[in-house]
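Asks: Give the three-dimensional model of this entry:
(chains A and B, ligands or ions: 2)
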Amino acid sequence: MTRDANTQAVSCTGLAYSFGETNAVDGLDLSVAEGEVFGLLGPNGAGKTTAIRCITTLLPVPAGMVRVFGHDTARDRMAVRRLLGYVPQQLSADAGLTGRENVALFARVFDVSRRERDERVAQALTAVDLTDAADRLAKTYSGGMIRRLELAQALVSAPRLLILDEPTIGLDPIARTGVWEHINAVRAATGMTVLVTTHYMDEADQYCDRVGLMHRGRIRALGTPAELREGLGERRRAAGAAAGGPLPTLEDVFREVAGSGLDDKSGDFRDVRSTRRTANRVG
Amino acid sequence: MSEAPVAPPTASADPAAGIALLLRPPEPRAGWRLLPARVVAMCAVELQKLRHDRTELYTRAVQPALWLLIFGQTFTRIRAIPTGGIPYIDYMAPGIIAQSAMFIAIFYGIQIIWERDAGILNKLLVTPTPRSALITGKAFAAGIKSLVQAIVVVVIAALLGVALTWNPLKLLGVAAVVVLGSAFFSCLSMTIAGIVLSRDRLMGFGQAITMPLFFGSNALYPVSVMPGWLQAVSKANPLSYEVDALRGLLLGTHAHVALDFGVLAVAAALGITAASSLLGRLAR
Ligand SMILES: Nc1ncnc2c1ncn2[C@@H]1O[C@H](COP(=O)(O)OP(=O)(O)O)[C@@H](O)[C@H]1O
Ligand SMILES: [Mg+2]
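Replies: Ligands and ions are numbered 1, 2, ... in the order given. As a prediction, the model looks like this:
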């Protein structure tokens, strides 16, 4: 994988966004290098989705705060959108269309020529192993299949940056692994940059090159999962912990940076609501 | 569980050959060609949905059929309404066609809110589609959906013996009028959606405005028999222009077809502007 430190896929400088009194994102500094899988971690309500929505041009931010491959999201919206593949937090396939039609819509709105459309759609479906189910209505799909379908929708335009918001939320462990394997395979084949949010620390540890721990609208710790774990281990040893104790996990790192107040923030009710809505819709 | 078998990682390890196209971004369409392409994309989706599920098409045909069958046949016999010499059922048929198209369009905003809740709208807004192009696409998609409904009602009317034109040019004009009218009403609906932001409230609004729009138009009776205030309402009501054009084209009665087209086109353009400017509120 080429890693040119000068090309930033995403860079946010002092990104802030509030909903009325709530400072959902509160001075976020973030840079994602081209070609890496970057994980934005944090509990529900940390501001991950809001940050993602600013980066994807869905929420208006002042010029100078967010750049995607050098394009300012405030000034150069269309250019930014052409570089993005976006999978939102909810399961967002259209239940009344087949898998193939869902993907074809995104081929159309990204200006794929008619000559190429069928083949490109077929390739996107192949990449996520949905060829056999392609002509069934999406409402007959399982949660894991919908996620893979959304991945195909995002891939059909050959994005340079794939943004996934909680891609495995609400999925069973096997489906979760399936989604991650497809993300990894696609990334290996295309070299695209991946920005993913999750509140499953174990997934981030396993699949992300670098992670940022987000809490209350800001990044509180940044590095490779190994760096963060080892850093905490060293601090613990310096504080006099026994050398042979259990190795810290990313979750421990998170508890350290977030301090208290983690528990009352988790289980955010908006998440529950949207998950339930999705469950109703998907059946 | 219903999960399809997960591919062994090795199966995807050498996928470069199978996904060659996914390595190359598509060529962006140039300026003016973008809008028609988005309109086609949205209309295609609407037609695909109709193909998969036609229940709504049939259930929504019941009401206009009853209007024509009961109201139309009864009033044809009573001859209470001056129709300029044609049977009343003929006179009201274009009104009922316009009404059934309007009902589809007026509730189209509910679909937008549903798509917002489902994340579909957000995803479309992250594609190279300006808001106005998205709304225009949706407006014409609503127009196509209404048109399919209108065709069903036209067939019912023909079966009930209404003397409609079969001149293909005039029928093309009918199609254009229905699409333009529904584009306006769907934009009205999407504008209200952008203000009230919730399905239930939009449902209430939709129900509150459809009857006044219908009875405050020339769909069931000529403007000349209305009291003065209702005549004023009817003059400001795009549905009246839609009905007038449909009557002129389908029955060959005296109508101001050019004026009707003009009013509907301007109304649709204003509707698209209003709905586009409020779309951001829905996306938030
Ligand atoms: N549309 C909204 N309106 C009002 N408040 C919101 C909205 N979206 C998010 N918030 C609030 O902003 C904060 C961050 O939310 P979010 O970005 O969804 O966090 P995360 O994705 O990390 O769970 C939360 O306190 C949430 O309640
Ligand atoms: Mg979130």
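
Asks: tell me the contacts of B:Leu22?
Replies: B:Leu22 makes contacts with A:Arg120, A:Gln123, A:Ala124, A:Ala127, A:Leu155, A:Val156, A:Ala158, A:Val186, A:Ala189, A:Thr190, as judged by Cβ atoms under 8 Å, 6 or more residues apart in numbering or on different chains. To be clear about C-beta, it is placed using only N, CA and C from the backbone, and glycine gets the same treatment.

Asks: Phi and psi next, for it.
Replies: phi -80, psi 0 (degrees, to the nearest 10).

Asks: circling back to that earlier point, may I see the contacts of B:Leu22 arranged in TSV, with pLDDT as well?
Replies: Below are these laid out as TSV (pLDDT from 0 to 100):
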residue	pLDDT
A:Arg120	97
A:Gln123	96
A:Ala124	96
A:Ala127	94
A:Leu155	96
A:Val156	97
A:Ala158	96
A:Val186	90
A:Ala189	90
A:Thr190	91
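
Asks: got a markdown table for these, with distance to ligand 2 and neighbour count too?
Replies: A markdown table is the format used below for the contacts of B:Leu22 (distance: Cβ to the ion, whole Å; neighbours: other Cβ atoms under 10 Å in any protein chain shown):
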| residue | distance to ligand 2 | neighbour count |
| --- | --- | --- |
| A:Arg120 | 30 | 26 |
| A:Gln123 | 30 | 22 |
| A:Ala124 | 25 | 29 |
| A:Ala127 | 26 | 25 |
| A:Leu155 | 22 | 26 |
| A:Val156 | 24 | 30 |
| A:Ala158 | 26 | 22 |
| A:Val186 | 22 | 25 |
| A:Ala189 | 28 | 20 |
| A:Thr190 | 25 | 19 |
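
Asks: from those, which is closest to B:Glu115?
Replies: Comparing the contacts of B:Leu22 against B:Glu115 with Cβ to Cβ places A:Val156 closest, at 19.1 Å.

Asks: surely the closest one meets A:Leu105?
Replies: No. Counting by Cβ atoms under 8 Å, A:Val156 sits too far from A:Leu105 to count as a contact (9.3 Å).

Asks: Look at A:Ala63 and say how many residues are nearby.
Replies: A count of nearby residues for A:Ala63, using other Cβ atoms under 10 Å in any protein chain shown, gives 11.

Asks: For the strand or helix carrying A:Val25, C-alpha coordinates in CSV please.
Replies: Assigned by DSSP states H and E, A:Val25 belongs to strand A:22-33. Output in CSV follows, covering the C-alpha atoms of strand A:22-33 (Å, rounded to 0.1, in the frame of the first residue of the first chain):
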residue,chain,number,x,y,z
THR,A,22,-25.4,20.3,22.3
ASN,A,23,-21.8,20.7,21.1
ALA,A,24,-21.9,17.4,19.2
VAL,A,25,-18.4,17.9,17.7
ASP,A,26,-16.2,20.3,19.7
GLY,A,27,-12.8,21.1,18.2
LEU,A,28,-12.0,17.9,16.3
ASP,A,29,-8.5,17.7,14.8
LEU,A,30,-8.1,14.7,12.5
SER,A,31,-6.1,13.6,9.6
VAL,A,32,-6.5,10.4,7.7
ALA,A,33,-3.6,9.4,5.4
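
Asks: middle-most residue in chain A, spatially?
Replies: A:Val196 (2.3 Å; Cα atoms, centre = their mean).

Asks: mean confidence for stretch A:128-141?
Replies: Taken as a whole, stretch A:128-141 carries a mean pLDDT of 96.

Asks: Can you tell me how far the closest residue to A:Asp72 other than its chain neighbours is from B:Leu249?
Replies: Spatially, and ignoring its direct neighbours in sequence, A:Asp72 is nearest to A:Ala63 (5.5 Å; Cβ to Cβ, 6 or more residues apart in numbering or on different chains). According to Cβ to Cβ, to the nearest Å, A:Ala63 and B:Leu249 sit 51 Å apart.

Asks: now B:Gly271
Replies: Here the criterion is Cβ to Cβ. By it, B:Gly271 lies 22 Å from B:Leu249.

Asks: what does B:Ile135 give?
Replies: For B:Ile135, the distance to B:Leu249 equals 27 Å [Cβ to Cβ].

Asks: Which residues of chain B lie near ligand 1?
Replies: B:Arg284 (Cβ under 6 Å from any ligand atom).

Asks: What average pLDDT does the helix or strand containing A:Leu228 get?
Replies: For A:Leu228, the host element (DSSP H and E) is helix A:225-238. When pLDDT is averaged along helix A:225-238, the result is 88.

Asks: which helices and strands sit right next to that helix?
Replies: Applying 3 or more Cβ pairs under 8 Å, 6 or more residues apart in numbering or on different chains; DSSP states H and E, one finds that helix A:225-238 makes contact with helix A:201-207, strand A:210-215, helix A:250-258.

Asks: Now do the first one: distance to the chain's middle.
Replies: If I follow you right, that is helix A:201-207. A distance of 13 Å separates the centroid of the chain from that of helix A:201-207, by Cα atoms, centre = their mean, to the nearest Å.

Asks: Same question for the last one.
Replies: Averaging C-alpha coordinates over helix A:250-258 and over its chain gives two centres that are 20 Å apart (Cα atoms, centre = their mean).

Asks: Now do it and strand A:210-215, the angle between them.
Replies: Interaxial angle, helix A:250-258 versus strand A:210-215 (axes from the mean of the first three to the mean of the last three Cα atoms, to 10 degrees): 50 degrees.

Asks: got a list of what the closest residue to ligand 2 within the stretch 101-250 of chain B touches?
Replies: Nearest residue of the stretch 101-250 of chain B to ligand 2 (Cβ to the ion) works out as B:Gly119 at 11.5 Å. The contact partners of B:Gly119, by Cβ under 8 Å, 6+ apart, come to A:Pro88, A:Gln89, A:Gln90, A:Leu91, A:Ser92.

Asks: Report pLDDT for the first one.
Replies: Pointing back at A:Pro88 there. Reported pLDDT for A:Pro88: 95.
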